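S.K.: A structural model of the following input is requested.
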Amino acid sequence: MPRRLVTLLCLAMVVATVAPGGSSRQGGPVPLAITHGPSLQVPGVSSMTVVWHTNRPAVSHVEYGPTEALGQTAVNAEHGLIDNDRTSHVVRLSGLPPGKPCFYRVVSREFLGYDKQHIVRWGETVTGDIRSFTTLDTAARGYSFTVVSDIHENVARFGKLLSVVDWKVTPFVVFNGDMVNDFMTEGQPFAGFLDAAIEVFADTRPFVYVRGNHDVRGRFARKLDEYFPTAAGRAYYSFDQGPVHFVVLDSGEDKVDGHEYYNGLVAFEPYRREQAEWLATDLASPAARRARFRVVLSHIPPRGGEGYAIDEVRRLWEPVANTGRVDLWMSGHTHRVAAIPPAAGANRYHLVVNAPDTLTRVDVLRDRLEAAVIRENGEKVAAVTVLPAGGGAR
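M.R.: Below is the predicted model of the structure:
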């Protein structure tokens, strides 16, 4: 039986025996367990974020090092206080050498509460397997990255798309928004795509999570960081791999903030303006200026469809992207494949938009980017060659 199926069946059996309050339906206590993960996220040339979940509150850490002997430990602490009562565990590893393997394992110790001010009751400890990953590297050459979007928890389709990825040359994957379909229950990301991603690659290769409009809707949207942490507390940031400077933007919701659908609970309009100012600074940075290519990742595209948010992304971000010599912009949202070339007086960059049943593979070569939009059956439906500094298609 395939490993993934065995894992999911075992998880289903555990869930089926758990009753509310942390006891099994047979009447005994449920042992502490790592129920989801670990996954690798927010990659960098000297850092990586490790995320996992347990079935009971725990204090957690990551053991890591350049060999399987590990030797170093990292925890998550806010204002000097280590997380002590969580079932989601997010630990950032930093100070790592670029482009080198790092071995790691996750450890969680059950936290049963305080008896007195300085007396804590502890439960059992669970330890994950030793795994490894490789950090990003600005000296990397000859790699590919894959972009998937708009899965909307269709795990069967997601699995088919992952099956066409060439993992030998793919150091990371981009989830470009709307992987979740309105975040109303805490288990949605796991069943919808995250467990499948971990089973295939995400415990040894990182993914970059770009927020989409459906990701930020619903009861659990404000807990998105517990599943998909941000960089330094912001859902917009940049990173570098080889000759490419990547920019992650959070395009937010797709209607005006005052729309009745949002019940007065969103403020994405000033948030997009804030990102426009940051984007100008980032694209003027030494990292962006020395990169051969600049790639923007946002769920909502600046072109290729109609609607308020598309217009706003174009109005606020496209002039900055043009000035900053962005070469390639990658999006989803419209559920239609689009490959829009640069146009005089408009976009100076190439725009590639995914559909739910496609992925985009980008081959990073010394003198160009080769982007191919591929359906879940392997059919190539669009291809774009991107030359540096806004050069035209070839």
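S.K.: So what's the gap between stretch 177-185 and the chain middle?
M.R.: 13 Å (CA atoms, centre = their mean, to the nearest Å).
S.K.: which parts of it are buried?
M.R.: Neighbour counts over stretch 177-185 (16 or more other CB atoms under 10 Å) mark 177, 178, 179, 180, 181, 182, 183 as buried. Where C-beta positions appear, they are placed from N, C-alpha and C, glycine not excepted.
S.K.: With stretch 346-359 instead?
M.R.: 347-359.
S.K.: Could you identify the most distant pair in these?
M.R.: Across the buried residues of stretch 346-359, the longest distance by CB to CB is 29.6 Å; it joins 348 and 357.
S.K.: rewinding a little: dump the buried residues of stretch 346-359 to CSV, plus secondary structure.
M.R.: As requested, the buried residues of stretch 346-359 are exported to CSV (DSSP: H, G, I helix; E, B strand; the rest coil):
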residue, secondary structure
347, coil
348, coil
349, coil
350, strand
351, strand
352, strand
353, strand
354, coil
355, coil
356, coil
357, coil
358, strand
359, strand
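S.K.: In a markdown table, list those residues along with pLDDT and distance to residue 260.
M.R.: Output for the buried residues of stretch 346-359, formatted as a markdown table (pLDDT from 0 to 100; distance: CB to CB, whole Å):
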| residue | pLDDT | distance to residue 260 |
| --- | --- | --- |
| 347 | 96 | 33 |
| 348 | 96 | 37 |
| 349 | 97 | 35 |
| 350 | 98 | 37 |
| 351 | 98 | 31 |
| 352 | 98 | 34 |
| 353 | 98 | 28 |
| 354 | 97 | 30 |
| 355 | 97 | 29 |
| 356 | 98 | 27 |
| 357 | 97 | 32 |
| 358 | 98 | 33 |
| 359 | 98 | 35 |
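S.K.: Closest to residue 323 out of those residues?
M.R.: Nearest member of the buried residues of stretch 346-359 to residue 323, counting by CB to CB, is residue 348, at 8.9 Å.
S.K.: Tell me who's in contact with the closest one.
M.R.: Neighbouring residues of residue 348 by CB atoms under 8 Å, 6 or more residues apart in numbering: 321, 322, 325, 326, 342, 390.
S.K.: Of the residues you listed, just say which sits nearest to residue 380.
M.R.: Set against residue 380, the nearest of those by CB to CB is residue 342 (21.6 Å).
S.K.: Need the three-state assignment for the closest one.
M.R.: Assignment for residue 342 (three-state DSSP): coil.
S.K.: wait, it sits on residue 328?
M.R.: No - with contact defined as CB atoms under 8 Å, residue 342 does not reach residue 328; the gap is 10.3 Å.
S.K.: More neighbours: which of the two?
M.R.: Between residue 342 and residue 328, counted using other CB atoms under 10 Å, the more crowded position is residue 328 (22 against 17).
S.K.: Now do the helices in the stretch 1-150 of the chain.
M.R.: In the stretch 1-150 of the chain, the helices defined using DSSP state H, counting those that start in this stretch lie at 3-16.
S.K.: which stretches of it form strands?
M.R.: All strands of the stretch 1-150 of the chain, identified by DSSP state E, counting those that start in this stretch, fall at 18-19, 23-24, 34-41, 48-65, 72-74, 77-78, 81-82, 86-93, 101-116, 119-127, 131-134, 143-148.
S.K.: Could you do the stretch 201-350 of the chain as well?
M.R.: Listed in chain order, the strands of the stretch 201-350 of the chain (DSSP E, counting those that start in this stretch) span 207-210, 237-241, 244-248, 293-297, 328-331, 338-340, 350-353.
S.K.: Need those in JSON lines (columns: distance to residue 149).
M.R.: Formatted as JSON lines, the strands of the stretch 201-350 of the chain follow (distance: least, CB to CB, whole Å):
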{"stretch": "strand 207-210", "distance to residue 149": "8"}
{"stretch": "strand 237-241", "distance to residue 149": "18"}
{"stretch": "strand 244-248", "distance to residue 149": "13"}
{"stretch": "strand 293-297", "distance to residue 149": "10"}
{"stretch": "strand 328-331", "distance to residue 149": "8"}
{"stretch": "strand 338-340", "distance to residue 149": "12"}
{"stretch": "strand 350-353", "distance to residue 149": "9"}
